[in-house]
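**Student:** What follows is a predicted structure for the sequence shown.
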Amino acid sequence: MTELPARRLLLVHAHPDDESINNGATMARYAAEGAQVTLVTCTLGERGEVIPPGLRHLTGAALGAHRHQELTAATRELGVTDVRLLGGAGRYRDSGMMGLPDNEDPDCLWQADLDEAAGHLVAVIREVRPQVLVTYDDNGGYGHPDHIQAHRIAMRAADLAADPAVRPDLGEPWRIARVYWNRVPRSVAEAAFAQLQDDLAGLPFAKSAAIEDVPGVVADERITARVDGTAHAAAKAAAMRAHATQIEVAEPCFALSNELAQPLFTTEYYELVRGEGVAGVAGVAGVHSDLFAGIAGFGGTEEAS
Ligand SMILES: [Zn+2]
């Protein structure tokens, strides 16, 4: 077996584009620093709405194949090469927005057997042995069924991967030191939306989104890591642009298919929810600038924000 890099980061996402919007700067930073960055995307986003009129003929599997190419292009911009689709390409279909008949599709992620889906991720965890896992909160950040299911799969797989009694055929047990959820501190979101109102006249978007449209906004006290992605802002924007069917970028903003402008955050925020450091981290005074800081073996220290 080839030797693994010392620091190993695993991110679990629902659709192509979520990785770049939520974690693009973080992924680019750790890839540039020589850490192993592994992305597992659970579906190909076959039910996403397409923005460019010239591509709106793409639906279903054809859209999934196109979004797979967009994902490859986006992660190339981020310097990330280890990109996997849960269970293989097309194994789990996009479930559509909550409440639609699409949610009943027997092949969609929402209908997936949790332990079977988590089993695919257990194999990845035991292979790449990440110290840090990043995923969504239990509402998937904003209630999309695939995001909720990605959360459940990631959290379940983290448990199963550590249990020696579970699927010994999938490799040696591995305990992930830390699990983080994607977050945006409310004060940061409020300031960004205030600025956006001033910028809107010069942007190609007629209207602003609202804070409620941003996934994972929480009270500032819950933030435990703040990754300054300023040095990787261009890579993040380029990665988001690569998802042209889903995102229109006009820095410092972007819009999804609803054409509502929202801030493009180049600093990314996280809440530590499980593992080493949880007990000792409470409030802004304990905010880390490195997702690995303080994990045994890395010797990092907490840094005040
Ligand atoms: Zn998504």
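**Tutor:** Thanks, I have it.
**Student:** Around the ion, pick out the residues from the chain.
**Tutor:** 14, 15, 18 (CB under 5 Å from the ion). In short, each C-beta sits where N, CA and C put it, glycine included.
**Student:** just checking, which of these belong to strands?
**Tutor:** If you go by DSSP state E, the residues of the chain next to the ion have nothing in strands.
**Student:** from the stretch 1-150 of the chain, which residue is nearest to the ion?
**Tutor:** Closest to the ion within the stretch 1-150 of the chain is residue 15: 3.7 Å, counting by CB to the ion.
**Student:** what about the nearest residue to residue 89 once chain neighbours are set aside, how many residues close to it?
**Tutor:** Once flanking residues are discounted, residue 89 sits nearest to residue 68: 6.3 Å by CB to CB, 6 or more residues apart in numbering. Per other CB atoms under 10 Å, the neighbour tally for residue 68 reads 18.
**Student:** Okay, residue 68 and residue 47: tell me how far apart.
**Tutor:** Noted for residue 68: a distance of 14 Å to residue 47, by CB to CB, to the nearest Å.
**Student:** same thing with residue 32?
**Tutor:** Here residue 32 is placed at a distance of 33 Å from residue 47 (CB to CB).
**Student:** Name the residue in the two with the higher neighbour count.
**Tutor:** Between residue 32 and residue 47, counting by other CB under 10 Å, residue 47 is the more crowded of the two (21 against 14).
**Student:** Surely that one is in contact with residue 102?
**Tutor:** Yes - contact criterion CB atoms under 8 Å: residue 47 and residue 102 qualify, at 5.8 Å.
**Student:** can you pull the contacts of residue 216?
**Tutor:** 22, 136, 137, 141, 142, 181, 182, 183, 184 (CB atoms under 8 Å, 6 or more residues apart in numbering).
**Student:** Count the neighbours of the second one for me.
**Tutor:** The one in question is residue 136. Counted by other CB under 10 Å, the residues lying close to residue 136 total 28.
**Student:** Which phi and psi values does the nearest residue to residue 102 once chain neighbours are set aside adopt?
**Tutor:** Spatial nearest neighbour of residue 102, excluding adjacent residues (CB to CB, 6+ apart): residue 96 at 3.0 Å. The phi/psi pair for residue 96 (degrees, to the nearest 10) reads phi 70, psi 180.
**Student:** For residue 96, give its distance to residue 144.
**Tutor:** As judged by CB to CB, residue 96 and residue 144 stand 9 Å apart.
**Student:** again, but for residue 228
**Tutor:** Distance of residue 228 to residue 144, given as CB to CB: 28 Å.
**Student:** Could you check which of the two has the larger neighbour count?
**Tutor:** Ranked by neighbour count (other CB under 10 Å), residue 228 and residue 144 place residue 144 first, with 22 against 15.
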